[in-house]
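Asks: build me a structure from this.
(one chain, ligands or ions: 2)
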Amino acid sequence: MILILQPDSDLQSPEYQLLLRYLNSLSSITHQVRHVQGAGQRLTEIYLLGDTKTLSRDFMRSLPLVRRVVRVQEAYRVLGRHGQEDFPHNFEYNGVVFDQTNLHVFAGLCAVDTREHVELMMRALKENGQVCTRMGAYKPRTNPYSFQGHGKKCLPYVFELAGKYGIRILAMEVTHESHIDEITQTLEATGYPTGVMLQIGTRNTQNFELLKCAGRQQNYPVLIKRGFGITLNESLNAAEYLASEGNRKVVFALRGMKTNLGDPHRNLVDFSHVPVIHRLTRMPVCIDPSHSVGSRHKSPDGLLDVMHVTAQGVIAGANMVLVDFHPKPSTALVDGPQALLLEELPHFLEDVQIAREAYLKRCAAVNRRQAAA
Ligand code: PEP
Ligand code: MN
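Replies: Numbers count the residues shown, from 1 in each chain. Ligands and ions are numbered 1, 2, ... in the order given. Predicted structure coming up:
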């Protein structure tokens, strides 16, 4: 059971003390208090653990400061929606708000290769009004002899250039706890010119120790990719690891599933699950069309498959798009064949906007019909 208190409840107030005294008096039920700093207000949620079946919802709702009482299913205790339509969760990081209703594009390099390419990418983003990007420094590779990313060496210039071009957040994969420390040390040394969203890649979705590390820290939000060969339930439980350790700034990414049935795409595109994750959890949902499609193939209508699947995710309500671009894909050290060109960025963004407007129209239509019913 979760007790959701009035927004911005005063934790020093006599009412709050009274509430805690009551909760402490319950035998065989323990509680954990969690605070969520949302974009305008702080929300306090109290998780009651143990035999809560005997507690009456009406009575719990009558306790001081309690605004709502939610009975939670066992699964996704913190991140789950638990059947509640109106169970909001948003977070703000470095001036950017994430929730299940808005949309951000993170176009950028799959892997940082040269300073020059980073600068060209960042400049193109600024010219197109973008404040988020992706920049891979630590690359998990299938082949041990493939380029493994420049690691901490590239962080100073990546962060400085991000600051120079007004980039507020970089999505950056980490594969080891030490990478989080390296990011923090470099941000400190460079004076925090930008922010970082830690990315947990599909190969690490069930690396529970890494998840615990990313969950224990509260400095950075986390983008967790769906595991490419496990069930959705297993991947959502992996996301819950982050939240159970205290970090609720979590975005869940769909990136396609590994199966030959995905042919001719690199992975079987799973963006039809965007609304499913909205229904099951409170997480914003990201789509990664680049790692899903894996090529620059185009259909006869002139649109790249990467753009087609992006539109499919956005029209289903996706909240973030993580997409590979490169100034010169033929020289890219990782995933060049799927990268879009910088000159394609304006068209890509326009196409996203068209799909987004269609999604908003669909929402307006259903709301109108529900209001009339
Ligand atoms: C990536 O986004 O660079 C990446 C490696 O993705 P995934 O973990 O989905 O393969
Ligand atoms: Mn990649």
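Asks: OK, contacts around the closest residue in space to Gly215 that isn't next to it in sequence?
Replies: When the adjacent residues along the chain are set aside, Gly215 lies closest to Glu245, with 2.9 Å between them (C-beta to C-beta, 6 or more residues apart in numbering). No exception for glycine: its C-beta is placed from N, CA and C like everyone else's. Residues near Glu245 by C-beta atoms under 8 Å, 6 or more residues apart in numbering: Leu211, Lys212, Gly215, Arg216.
Asks: swap in Asn94?
Replies: Shown in contact with Asn94 (C-beta under 8 Å, 6+ apart): Arg168, Ile169, Thr194, Gly195.
Asks: need the helices for the stretch 51-200 of the chain, in chain order.
Replies: Assigned by DSSP state H, counting those that start in this stretch, the stretch 51-200 of the chain shows helices spanning 57-61, 115-127, 155-164, 177-190.
Asks: SS state for the residue nearest the centre of the chain?
Replies: The residue lying closest to the centre of the chain (C-alpha atoms, centre = their mean) is Val251, at 1.8 Å. At Val251 the chain is in strand, as set by DSSP: H, G, I helix; E, B strand; the rest coil.
Asks: count of neighbours near whichever residue of the stretch 251-373 of the chain sits closest to ligand 2?
Replies: Relative to ligand 2, the nearest point of the stretch 251-373 of the chain is Asp335 (3.8 Å; C-beta to the ion). For Asp335, the neighbour count with other C-beta atoms under 10 Å is 19.
Asks: what's the spatially closest residue to it that is not a sequence neighbour in contact with, if anything?
Replies: Nearest residue to Asp335 in three dimensions, chain neighbours excluded: Cys110, at 4.3 Å (C-beta to C-beta, 6+ apart). If you count contacts by C-beta under 8 Å, 6+ apart, Cys110 has them with Arg134, Gly136, Lys139, Ser290, Asp324, His326, Ala332, Val334, Asp335, Gln338, Ala339.
Asks: filter the residues you listed to the buried ones?
Replies: Arg134, Gly136, Lys139, Ser290, Asp324, His326, Ala332, Val334, Asp335, Gln338, Ala339 (16 or more other C-beta atoms under 10 Å).
Asks: including secondary structure, pLDDT and distance to Leu236, could those go into CSV?
Replies: Shown next, in CSV, are these (DSSP: H, G, I helix; E, B strand; the rest coil; pLDDT from 0 to 100; distance: C-beta to C-beta, whole Å):
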residue, secondary structure, pLDDT, distance to Leu236
Arg134, strand, 98, 23
Gly136, coil, 98, 24
Lys139, coil, 97, 25
Ser290, helix, 98, 23
Asp324, strand, 98, 25
His326, strand, 98, 32
Ala332, coil, 97, 32
Val334, coil, 96, 28
Asp335, coil, 96, 26
Gln338, helix, 97, 26
Ala339, coil, 98, 30
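Asks: could you dump those to a markdown table with distance to ligand 1?
Replies: Supplementary listing: the buried ones among the contacts of Cys110 in a markdown table, determined by distance: C-beta to the nearest ligand atom, whole Å:
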| residue | distance to ligand 1 |
| --- | --- |
| Arg134 | 7 |
| Gly136 | 5 |
| Lys139 | 7 |
| Ser290 | 7 |
| Asp324 | 8 |
| His326 | 12 |
| Ala332 | 12 |
| Val334 | 7 |
| Asp335 | 7 |
| Gln338 | 10 |
| Ala339 | 11 |
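Asks: picking up where we left off before, tell me the one of the contacts of Glu245 nearest ligand 1?
Replies: Nearest to ligand 1, judged by C-beta to the nearest ligand atom, of the contacts of Glu245 is Leu211 at 14.0 Å.
Asks: pLDDT wise, what is that closest one at?
Replies: The confidence metric pLDDT takes the value 98 at Leu211.
Asks: that one is in what secondary structure piece?
Replies: helix 208-216 (DSSP states H and E).
Asks: put the alpha carbons of that helix into PDB.
Replies: Only the C-alpha atoms of helix 208-216 are listed here, as PDB (Å, rounded to 0.1, in the frame of the first residue of the first chain):
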ATOM      1  CA  PHE A 208      21.800  -6.200 -11.000                       C
ATOM      2  CA  GLU A 209      25.000  -4.900  -9.300                       C
ATOM      3  CA  LEU A 210      25.300  -2.200 -11.900                       C
ATOM      4  CA  LEU A 211      21.600  -1.400 -11.500                       C
ATOM      5  CA  LYS A 212      22.000  -1.100  -7.800                       C
ATOM      6  CA  CYS A 213      24.900   1.400  -8.200                       C
ATOM      7  CA  ALA A 214      22.900   3.500 -10.700                       C
ATOM      8  CA  GLY A 215      19.900   3.300  -8.400                       C
ATOM      9  CA  ARG A 216      21.800   4.300  -5.200                       C
END
